[in-house]
Each structure stands twice: as structure tokens, then as C-alpha cells.
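Participant: structure, please.
(chains A and B)
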Protein chains: 2
Amino acid sequence: MALISPSRRLRRTPFSEGVEAAGAKSYTVYNHMLLPTVFRSVEEDYRHLKSAVQVWDVSVERQVELRGPDAKRLMQMLTPRDLRGMTPGQCYYVPIVDETGGMLNDPVALKLAENRYWISIADSDLLFWVKGLANGYRLDVLIDEPDVSPLAVQGPKSDDLMARVFGEAVRDLRFFRFGWFDFQGRSLVVARSGYSKQGGFEIYVDGADIAMPLWHALFEAGADLDVHAGCPNAIERIEGGLLSYGNDMTRENTPHECGLGRFCNTQTAIGCVGRDALLRVAKDGPVQQIRPIQIEGGKVPNSDRAWPIMAGQVQIGQVTSAAWSPDFETNVAIGMVRMTHWELGTDIDVLLPGNEVRAAVVYRVFWN
Amino acid sequence: MALISPSRRLRRTPFSEGVEAAGAKSYTVYNHMLLPTVFRSVEEDYRHLKSAVQVWDVSVERQVELRGPDAKRLMQMLTPRDLRGMTPGQCYYVPIVDETGGMLNDPVALKLAENRYWISIADSDLLFWVKGLANGYRLDVLIDEPDVSPLAVQGPKSDDLMARVFGEAVRDLRFFRFGWFDFQGRSLVVARSGYSKQGGFEIYVDGADIAMPLWHALFEAGADLDVHAGCPNAIERIEGGLLSYGNDMTRENTPHECGLGRFCNTQTAIGCVGRDALLRVAKDGPVQQIRPIQIEGGKVPNSDRAWPIMAGQVQIGQVTSAAWSPDFETNVAIGMVRMTHWELGTDIDVLLPGNEVRAAVVYRVFWN
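Facilitator: Numbers count the residues shown, from 1 in each chain, chains lettered A, B, ... in the order given. Below is the predicted model:
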């Protein structure tokens, strides 16, 4: 692992003080902001996430706020998912595409009111695309990055911890729904969502001043629940098939290639700027698609680059995320595979660093 | 300094192999890509940059290419600088602003042909803003990030090194001009430019396959010139008053606040989307502006956040970049100061981490 030089450009978060005190061992940079990646060890964090409850500083999920008479129209321009049925209080996972259907981001959008949305973004300056469109189409909408920093509570004991801080009613939240809950006299958006498959919540902390009071309140309330600071876990998210923008997909890929075709209602998502291109993709189908891949042999190394997937001498895809899974006792991976080799059970080879060739198989489903 | 976890999302560059072999000690993340920050030590790199010649992997300066009938119109929409006099072969430093005059990037644009530009960007996804505008205004222009990775040659011996690799004619390049020069049968754009005040060039390496051959050729040709791998140097760039987008300015700031008013021809830059807002700013003048600041006392610490500038109990600005300068034997700094305190020689206080208060002064000019 390399060292990272301190810089104001790599923004701290309102929770950085807590993250540092909790002993974050390494970080990544995400939306020009620091995101912790390891506290104890990736494996220990993984075990703990699956058995207890963790508090994650995911301030890097910056919000793009749309507000005004044209907010609804603009929101539909961004995504091929049909938003007509979306009501206030709902979260939607929305692939965001450009005019060619290329993925620009894969955020979760929250509909706060008929004409107000927060888009909780993955790692790209989506704000710039949204502002450019709004300006070009002369839409009557305000677009900005508000002072909102999400804090995730994830793991099987999340409901217990959250109920102690926000009251019992928080248990009734359904998946991908949100409500307003009181903390020290402030009304905060709390959603049942998060970047793990262990269950939990995301608290949209509106105002940096209450960030550390909330952090401390969660740790105090959860002492007997073995609450610990955590972060998105590389092993757990690959097992669960949670994609990472920039890793598993880029602007080169369509949602259909990413296995996100079910979020593309191209017939009815009228107004989406990528609709024409995606109608074509929906008709022809993609020629490559994301697949779970099981890589044989011992623990694969960490990687800072994609690994080619080979069929003999021909490259037919690439592995974009991989990790050793202690629970499944195999290397779990996510890769993009050409249609000639994407069927379940197909034997493929993965070319690791140092020219090591590993046997692999296109797996049935993700590991959850 | 913190550790950074490896990830495909933090892209390697075509020169990473060379950077690693040369012993890069730390990195930053810039445009979703790794940028080395230290090779021997910041001070040793600084001395060497000022006395010899360095080769910098600045692939992070990604290009936004505009190509097509409306490229010229779109380029002018992006910036308040009047581009009518720009001819092929010229580089222009162009503040890029949104509709409110807020800075989105501060790149160098190269006019390759009447209807073709490269915009060599600072740390934000400018591509998204440009694509959004082009789509909204239905412009007839192709926009993409080409496979171009700049390699900088910086330092007083740059001309000698470059002449050995690209021929004597490269010495005739004037500042902020570029030409096409041959390397191993390939024609590359070479500009007299770069993010230091020590003189030098930027080679726009068009095609990842020739990146390492060029890297090796420069090191072989410059062995007796004490050529070394380097990178933008924090001390040297602050001495020289070279601003850093994300550090010294953000979307909150207008070009006038950044001291870039001379690049704003708001009367004549017709078509710039931020023109109306900037006409107002040009009329009223900014209420805060970037200033060189000299901070008294011993070496200031590295910082990951802005330091408040105080006049008694009132905050009247912030220091956004600072370093100890061995040559000037003082702490050199860049800060944003309110007009009440921005006059030359004004005594101010800077609030450092740990509540240490340092005396400081608004300095005359940058240190070069």
C-alpha cells in the first residue's frame, strides 16, 4: 500500500475526528474526500460486520440536490428507470447515463418532496453533468451539494442500535424507504439502505455541527452491542454482488452490461437523455455482461488494475474486483465477460499480476 | 500520512511502472488517478527541481477533447477568457466557470485546429459539465477523454534534455506554444508549459504504448544531466503562486477572487455561460481575494484542511496552502483574505492545528 499526502483537496469529513480516534488504518479517495477502508483488518472487519453492528462514515456519498419546478423532469432526464411511480419517502437505485447510454454514476435517489430530490452519489462529479443539462435545457431548478454527510449503521444488530438512538419507530422502516427522525431536536432523514447485505440504515446528517454528537451517541448507545467503527468491506460487497462505480463499471459500460437492465424502463422512461441509445441496446442485448466469478487456488492478491480473463490466447473479459472469502473459502470476484463465455459454469482463466494463470468459473449467482 | 488501499478505481497511469521503479514515496489522487507527490523528500525534490531536470508523470492532467463544427463555440461557452485571438499552436490558461461564475476547473486549453481542442484539466470531472452543456444546447461536437497522458519535463536543464530526444528545434518553442515533434516515428504534441516556475515542457503522450519507451528515452538521454523522476512540488508551486484547484479555490470562488481577473474578458467573451454573473462581479469587485501570505516562526506542519486567518476574534480569511521555503527561509502560503485586510503588509494571525496562533503578513508578491 502507498502513502497518501495530506491535502485540503482530499476533503476531511465531519466524522474524521471519530474515524481517526477509532483507528482507521487505511483510506481511499472518493468524491475528492477520504473514505476509510480498514479498521482492524479487512477480515476482522468482515467478521464483525456480519455478526454485530458498525457505524460507517460514508460522507463521500455526497448529495446532489435538485429543487424547483423542473426537478422531477430533470431527475427523469438522468436515468432510464421509470420514475413515475416514485413517491416521497422512497429511495430508488438509479443508473445515470449519458446520451450514448454510458454509465456516469450509479447512485441512490431520495424523493424528499414532489419537487425535491437528493441523489446520493458514487465516485464521479455527477453535479457537473446535472448542472450542464439544467443550464442547456434552461430548466427552472436549483442544483447544489448541500452540507449533508451520510452515516451508515450496518450489520445484524443495526435495528437494535438505531432504536435506542432514534426510537422504536425506526424498526418499521421498509427497505429503501426513508422517514424523518429526531436527534437532539433536529429532524434527520433516515433510510433503510446501505452498501452491505447485512441490513441497516443510512442517516443523512444534515449539518456538520451535529455529526460528532450523533457519532458519540451511537457508540454510547451501542457499547453492549459490540458496536465498532467500520466501512464498506471489500470482501462482503463482492460476495453480495454490490457493484463499485469506477471499479466494476465505467462510462464505457451500459447499464445492461452491468446487469442493471431491470432498472432500465426504456419504453416508458420518456425524457431520459440516453433513451435512444438504450432502446437500441435493449433490442440487441449487450455483448458482454457482469458475472460473479469464482477463482480457484489460494488467496488472490489485492489489485490496482483489472485482470484479463482468457480463453486460450484470446481475452474474453476482465476481473474488476476480487477477494478471498473466509466464509465461502474461495476467491469471490466480479468481472465483465463476453457472451461467448458468460454461461453459468463456463471454465475460464484469469491472468493475475506476474503472469500467473488461475482457473476460474463463471459462477451461478453472487454469494448471498 | 495515511495509507491508501489499492483499487482499480484509483487508476494507474501508462508511466506507473517507471514511477514505482524510481521510488515514489507517496501519492495523491487526482482525477481518479494516482499522482506521485514525493520521490526523495519534498525538500530534496525541490532543490533538484531548481537546479537540474525532472521528468513528471502528470497523466492525471486528463484531456477533454472537443472536436467538430461547434467545438469553437462550446470552448467559448466554458470560459470568460476571450478566445477570438487564439490560434492553432497556442495554449491558453482558461478559468472554467458555471452559470454563477463559480470555478469548475482551471485548465490549460490547447487549440489543435480550428475545430479541435484539448482541455488539460485540474482535479474535477470537467468532462461531465462539457457533455451536459453540449447535450443541452444540442451542439454538433464530439467530446471524449482520449488516451493522452502528459509527461512533463521541468527544471533549468529541460531544454538540453528535450533537445536530445526531440531535436534542437524544440528549443525554439515559445512559452505556452506547442508544436508536433517526432518520437520513434510518432508525432507528439510538445508544449512549453508546466506546473512549475523552473521552465520546461509538457509532452502530450498520445497512446499508452509509447509511454514507457519515451520515459526510458528521457532517462537515458539525460543521465549526465542528473535527470530524476519528480512531481509537482508543494514548496516550489506555492513560492511561485501556482494555484491548486480544490486547495486554493473551489466552486465557491469566482475567478476574480482567485486573482484571475486578467483572464476574464467579460465584455467580449460572448457566449460564456457565466458571463452575466461575472459582469456583475467585474463591476462590483470581489470582497475577498487570494494573496501571498508569509507566516512567521518555524516550519508549519503539513495540513489536510484550511487554517482560519484571524483579525482578533474575527475570521477574515483562510490559508489554503502553506510550506516552509528553504530558499526564502520563511513559511510561504496562499490564502483567501477579505478586502478589509488584503492590503500589502497587513498584519494578520493564522490559526494552526492545535490552536497555535502564528503571526503572518499579507506579502507583496509571490516568491519568484
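Participant: what backbone torsions are found at the one residue in the stretch 101-250 of chain A that gets nearest to chain B?
Facilitator: Among the residues of the stretch 101-250 of chain A, A:Gly136 lies closest to chain B, at 1.3 Å counting by CB to the nearest CB. C-beta coordinates here come from the backbone N, C-alpha and C atoms, glycine included. Per-residue torsions, A:Gly136: phi -60, psi -40 (degrees, to the nearest 10).
Participant: how close does it sit to A:Trp129?
Facilitator: Going from A:Gly136 to A:Trp129 by CB to CB, to the nearest Å gives 11 Å.
Participant: do the same with A:Trp307
Facilitator: To A:Trp129, A:Trp307 is 30 Å away according to CB to CB.
Participant: could you do A:Leu225 as well?
Facilitator: From A:Leu225 over to A:Trp129 the distance is 41 Å, taken as CB to CB.
Participant: and A:Gly200, by the same measure?
Facilitator: Separation of A:Gly200 from A:Trp129 (CB to CB): 29 Å.
Participant: ok, now A:Val94?
Facilitator: Here the criterion is CB to CB. By it, A:Val94 lies 13 Å from A:Trp129.
Participant: quick one: which of the two has more around it?
Facilitator: Neighbour tally, A:Val94 and A:Trp129, criterion other CB atoms under 10 Å in any protein chain shown: the higher count belongs to A:Trp129, 27 against 24.
Participant: just to revisit the earlier point, joint contacts of A:Gly136 and A:Trp129?
Facilitator: Here A:Gly136 and A:Trp129 have B:Gly132 as joint contacts, going by CB atoms under 8 Å, 6 or more residues apart in numbering or on different chains.
Participant: wait, A:Leu344 touches A:Gln294, no?
Facilitator: No. Between A:Leu344 and A:Gln294 there is no contact under CB atoms under 8 Å: 11.1 Å.
Participant: same drill for these two, tell me which one is more crowded.
Facilitator: Neighbours per residue, other CB under 10 Å: of A:Leu344 and A:Gln294, the larger number sits with A:Gln294, 18 against 11.
Participant: next, the more buried one: secondary structure please.
Facilitator: strand (DSSP: H, G, I helix; E, B strand; the rest coil).
Participant: show me chain A divided up by domain.
Facilitator: With domains defined by automatic domain parsing, chain A comprises A:16-61+A:147-238, A:63-144, A:290-368.
Participant: make JSON lines from the ones you listed and add mean pLDDT to it.
Facilitator: Converted to JSON lines, the domains of chain A look like this (pLDDT from 0 to 100):
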{"stretch": "domain A:16-61+A:147-238", "mean pLDDT": "98"}
{"stretch": "domain A:63-144", "mean pLDDT": "98"}
{"stretch": "domain A:290-368", "mean pLDDT": "96"}
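Participant: please identify the most buried of these.
Facilitator: Per residue and on average, the most neighbours among the domains of chain A fall to domain A:63-144, with a mean of 21 (mean count of other CB atoms under 10 Å in any protein chain shown).
Participant: measure it end to end?
Facilitator: 8 Å (CA to CA, to the nearest Å).
Participant: and if you look at stretch A:359-368?
Facilitator: Using CA to CA, one end of stretch A:359-368 lies 22 Å from the other.
Participant: what are the contacting residues of that stretch?
Facilitator: A:197, A:238-241, A:291-297, A:309, A:319, A:325, A:327-328, A:332-333, A:337, A:341-350.
Participant: in helices, which of those fall?
Facilitator: In helices, judged by DSSP state H, the following of the contacts of stretch A:359-368 are found: A:Ile238, A:Glu239.
Participant: so which of the contacts of stretch A:359-368 also contact chain B?
Facilitator: By CB under 8 Å from any CB of the partner chain, no member of those lies near chain B.
Participant: A:Arg62 contacts A:Glu145, correct?
Facilitator: Yes. A:Arg62 is within contact range of A:Glu145, at 5.5 Å (criterion: CB under 8 Å).
Participant: overlap in contacts of the two?
Facilitator: Common contacts of A:Arg62 and A:Glu145, defined by CB under 8 Å, 6+ apart, comprise A:Leu127.
Participant: the more surrounded of the two?
Facilitator: Between A:Arg62 and A:Glu145, A:Arg62 has the larger neighbour count (other CB under 10 Å), namely 26 against 15.
Participant: quick one, phi/psi of the nearest residue to the more buried one once chain neighbours are set aside?
Facilitator: Residue nearest to A:Arg62 in three dimensions, not counting chain neighbours: A:Asn31, with 5.0 Å by CB to CB, 6 or more residues apart in numbering or on different chains. In terms of degrees, to the nearest 10, the main-chain angles of A:Asn31 are phi 50, psi 50.
Participant: please state the offset of stretch A:19-36 from the chain centre?
Facilitator: Centroid separation for stretch A:19-36 versus its chain: 16 Å, with CA atoms, centre = their mean, to the nearest Å.
Participant: now do the end-to-end distance for it.
Facilitator: End-to-end distance (CA to CA), stretch A:19-36: 8 Å.
Participant: which stretches in the stretch 201-350 of chain A count as strands?
Facilitator: Ranges of strands in the stretch 201-350 of chain A, per DSSP state E, counting those that start in this stretch, are A:228-230, A:288-295, A:307-311, A:314-325, A:330-338, A:347-352.
Participant: helices or strands up against the fifth one?
Facilitator: Secondary structure elements in contact with strand A:330-338, counted by 3 or more CB pairs under 8 Å, 6 or more residues apart in numbering or on different chains; DSSP states H and E, are helix A:234-239, strand A:288-295, strand A:314-325, strand A:347-352.
Participant: distance to A:Arg164 added to those, as CSV?
Facilitator: Shown next, in CSV, are the helices and strands packed on strand A:330-338 (distance: least, CB to CB, whole Å):
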stretch, distance to A:Arg164
helix A:234-239, 24
strand A:288-295, 37
strand A:314-325, 32
strand A:347-352, 45
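Participant: can you say which of those is nearest to A:Glu44?
Facilitator: Shortest distance between A:Glu44 and the helices and strands packed on strand A:330-338, using CB to CB, is found for helix A:234-239: 11.0 Å.
Participant: contacts for the closest one?
Facilitator: A:37, A:42-43, A:46, A:49-50, A:195-198, A:244, A:321-328, A:332-334, A:366-368.
Participant: let me know the helix or strand that the closest residue to A:Leu83 other than its chain neighbours is in.
Facilitator: Closest residue to A:Leu83 apart from its sequence neighbours, by CB to CB, 6+ apart: A:Gln76 at 5.2 Å. Element membership of A:Gln76 [criterion: DSSP states H and E] is helix A:71-78.
Participant: what's next to that helix, contact-wise?
Facilitator: With CB under 8 Å, 6+ apart as the test, helix A:71-78 has contacts from A:66, A:83, A:94, A:96-97, A:109, A:114-117, A:119, A:129-130, A:133-134, A:137, A:139, A:141, A:269-273.
Participant: let's see which of the residues you listed end up in strands.
Facilitator: Among these, DSSP state E puts A:Leu66, A:Ile96, A:Val97, A:Ala109, A:Arg116, A:Tyr117, A:Ile119 in strands.
Participant: now, among these, which is nearest to A:Tyr27?
Facilitator: A:Ile119 (23.9 Å).
Participant: quick one, what contacts A:Gly199?
Facilitator: Contacts for A:Gly199 (CB under 8 Å, 6+ apart) come out as A:Gln154, A:Gly155, A:Pro156, A:Ser158, A:Asp159.
Participant: in which helix or strand does the last one reside?
Facilitator: Spelled out, that is A:Asp159. helix A:158-166.
Participant: who are the packing partners of that helix?
Facilitator: Of the remaining helices and strands, those touching helix A:158-166 by 3+ CB pairs under 8 Å, 6+ apart are strand A:178-183, strand A:200-206, helix A:211-221.
Participant: tell me what the last one is packed against?
Facilitator: Pointing back at helix A:211-221 there. helix A:16-21, strand A:54-57, strand A:148-154, helix A:158-166, strand A:200-206.
Participant: neighbouring contacts of the longest one?
Facilitator: So that's helix A:158-166. Residues outside helix A:158-166 that contact it (CB under 8 Å, 6+ apart) are A:53, A:153, A:170-171, A:181-183, A:190, A:198-201, A:214, A:217-218, A:221-222, A:225, A:227.
Participant: go again using 10 Å as the cut-off
Facilitator: Helix A:158-166 is contacted from outside by A:52-55, A:152-153, A:155, A:168-173, A:179, A:181-183, A:188, A:190, A:192, A:194, A:196, A:198-201, A:203, A:214, A:217-222, A:224-225, A:227, using CB atoms under 10 Å, 6 or more residues apart in numbering or on different chains.
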